[in-house]
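Student: pasting the structure only:
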């Protein structure tokens with residue numbers, strides 16, 4: 001009992017050791033500036049803060065400057081893929097970044113937490129729906145002059161807020177921390193997942209292979225909120241792949257055109273490792289012409305022209321970011337360093353909890369699909385459902 005009590009009394013600061021400070025955007029930024037920053041910085045996610053970093057203000061109170069959300073490439077892709085924006089993507093990029101941030105109650109996806117908070121407090125916030133916890137790092141001591149210089153020269157991605165630097169704490173960070181101490185949970189971690197009541201068969205996002213990818217767009221965005229994915233099923237209900245928001249996060253914004261014109265199965269092939277097949281690229285262009293989406297057609301032409309004329313890649317690794325996904329940009333709309341493919345990561349109802357934890361962490365995802373012996377999809381196991389098991393164990397000791 002003592003080791004378990006000790007584990008949950010640890011402070012969240014213990015999980016933040018070595019983490020890099022958050023790179024961020026001001027709420028005053030536009031969608032285009034967010035897109036540019038995501039590419040330039042090579043980050044999977046960028047935090048969005050309520051203060052305007054471009055304003056010259058010596059003193060900013062904590063209430064004035066808080067993290068109010070996060071943005072990623074999929075947010076931009078989903079926005080550009082809307083019917084109203086397909087005809088004029090350049091105009092859509094001028095919209096304020098606020099259009100990418102979900103309104104309440106989804107704003108609880110990002111929550112602030114002090115570094116001396118306990119691990120169990122972090123788990124409670126995650127179970128309430130938080131994806132990212134914003135934790136202050138050791139107080140940043142900079143003189144006023146250097147801080148002014150930072151704000152002036154780095155208007156859209158400063159790392160200092162309220163004279164402090166912050167980091168993300170993610171669900172993966174906490175699960176990995178628990179796995180390192182899995183011995184104290186051996187009485188439950190070796191149990192099959194179907195005996196722990198953590199298989200979710202209701203909140204499963206899935207489409208069939210021949211369904212239009214555009215019809216799956218709301219599900220793709222929902223999977224980003226839920227930190228899961230969209231399963232692709234054949235006619236027998238068997239899992240043949242997935243459309244992952246984490247894979248889409250490595251794509252160029254022009255993939256919105258593929259979502260608007262291809263089927264779900266074709267999109268799965270389009271975003272798979274190695275880049276889109278030439279025949280699918282041509283098919284997207286033809287359908288854009290049919291629908292008179294000249295603006296997006298120009299965006300695709302520019303994208304692939306730049307890709308073919310450039311032999312270098314824009315590379316950046318994001319250490320310990322959301323799901324640990326380092327990114328490597330290539331202008332052709334895909335990443336040479338992408339380790340996730342469109343194949344689905346699956347387990348069985350009789351798989352043990354610790355095996356599923358290891359499986360998810362090794363593939364850098366926060367979920368594993370659950371299938372029956374014949375490959376039929378029966379549910380999904382997420383980090384959130386795993387946290388409930390560990391949290392219940394703590395409560396049983398109280």
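Tutor: Okay, I see it. What you are looking at is a predicted structure, and each value in this text was computed from that prediction instead of being measured.

Student: Just to check, residue 164 is in contact with residue 135?
Tutor: No. Using Cβ atoms under 8 Å as the test, residue 164 is too far from residue 135 to be in contact (10.1 Å). Every C-beta, even on glycine, is put in place using the N, C-alpha and C of the backbone.

Student: Need the overlap of contacts for these two.
Tutor: With contacts taken as Cβ atoms under 8 Å, 6 or more residues apart in numbering, residue 164 and residue 135 have no neighbour in common.

Student: Settle this for me: residue 371 is touching residue 350, isn't it.
Tutor: No. In this structure, residue 371 is not within contact of residue 350 by Cβ under 8 Å, at 11.5 Å.

Student: what about the strands in the stretch 101-250 of the chain?
Tutor: In the stretch 101-250 of the chain, the strands defined using DSSP state E, counting those that start in this stretch lie at 110-112, 132-136, 160-161, 164-170, 206-208, 230-233, 239-243.

Student: How far off centre is the second one?
Tutor: Mean C-alpha position of strand 132-136 versus that of the full chain (Cα atoms, centre = their mean, to the nearest Å) differs by 15 Å.

Student: gap between the residue nearest to residue 86 when sequence neighbours are not counted and residue 260?
Tutor: What sits nearest to residue 86 in space, not counting adjacent residues and going by Cβ to Cβ, 6 or more residues apart in numbering, is residue 293, at 4.8 Å. The gap separating residue 293 from residue 260 is 7 Å, by Cβ to Cβ, to the nearest Å.

Student: Residue 193 too?
Tutor: Applying Cβ to Cβ, the value for residue 193 to residue 260 is 37 Å.

Student: Look at residue 143 and report its pLDDT.
Tutor: What the model reports for residue 143 is a pLDDT of 41.

Student: Same question for residue 278.
Tutor: 87.

Student: again with residue 341
Tutor: So residue 341 comes in at 59 (pLDDT).

Student: roughly how far apart are residue 199 and residue 118?
Tutor: The gap separating residue 199 from residue 118 is 29 Å, by Cβ to Cβ.

Student: whoops, residue 97 was the one
Tutor: Distance of residue 97 to residue 118, computed by Cβ to Cβ: 33 Å.

Student: More neighbours: those two, which one.
Tutor: Using other Cβ atoms under 10 Å as the criterion, residue 97 and residue 118 rank with residue 97 on top: 25 against 14.

Student: Test my guess that residue 351 contacts residue 192.
Tutor: Yes. Counting by Cβ under 8 Å, residue 351 touches residue 192, with 6.6 Å between them.

Student: On the three-state scheme, residue 272 is what?
Tutor: Here residue 272 is coil, with the state taken from DSSP: H, G, I helix; E, B strand; the rest coil.

Student: Please give the number of neighbouring residues around it.
Tutor: Counted with other Cβ under 10 Å, residues neighbouring residue 272 total 18.

Student: do the same with residue 127
Tutor: By other Cβ under 10 Å, 13 other residues sit near residue 127.

Student: which residue packs closest to it, ignoring adjacent ones?
Tutor: residue 387 (5.8 Å).

Student: Direction-wise, compare the helix or strand harbouring that neighbour with strand 164-170 and give the angle.
Tutor: Taking DSSP states H and E as the definition, one finds residue 387 inside helix 383-397. Taking axes from the mean of the first three to the mean of the last three Cα atoms, to 10 degrees, one finds that helix 383-397 is oriented at 90 degrees with respect to strand 164-170.

Student: For helix 383-397, give me every contacting residue.
Tutor: With contact meaning Cβ under 8 Å, 6+ apart, helix 383-397 is reached by 1, 4-5, 8, 120, 123-124, 126-127, 171-172, 174-175, 178, 185, 188, 196, 198-200, 227, 353, 356-357, 360, 366-367.

Student: from the middle of its chain, how far away would stretch 379-398 be?
Tutor: Averaging C-alpha positions (Cα atoms, centre = their mean) puts stretch 379-398 22 Å from its chain's average.

Student: scratch that, stretch 369-376 is what I was asking about
Tutor: 25 Å.

Student: quick check: mean pLDDT across it?
Tutor: On average, the pLDDT along stretch 369-376 is 93.

Student: which outside residues touch that stretch?
Tutor: Here stretch 369-376 makes contact (Cβ under 8 Å, 6+ apart) with 193, 199, 231, 236-239, 242, 344-349, 377-381.
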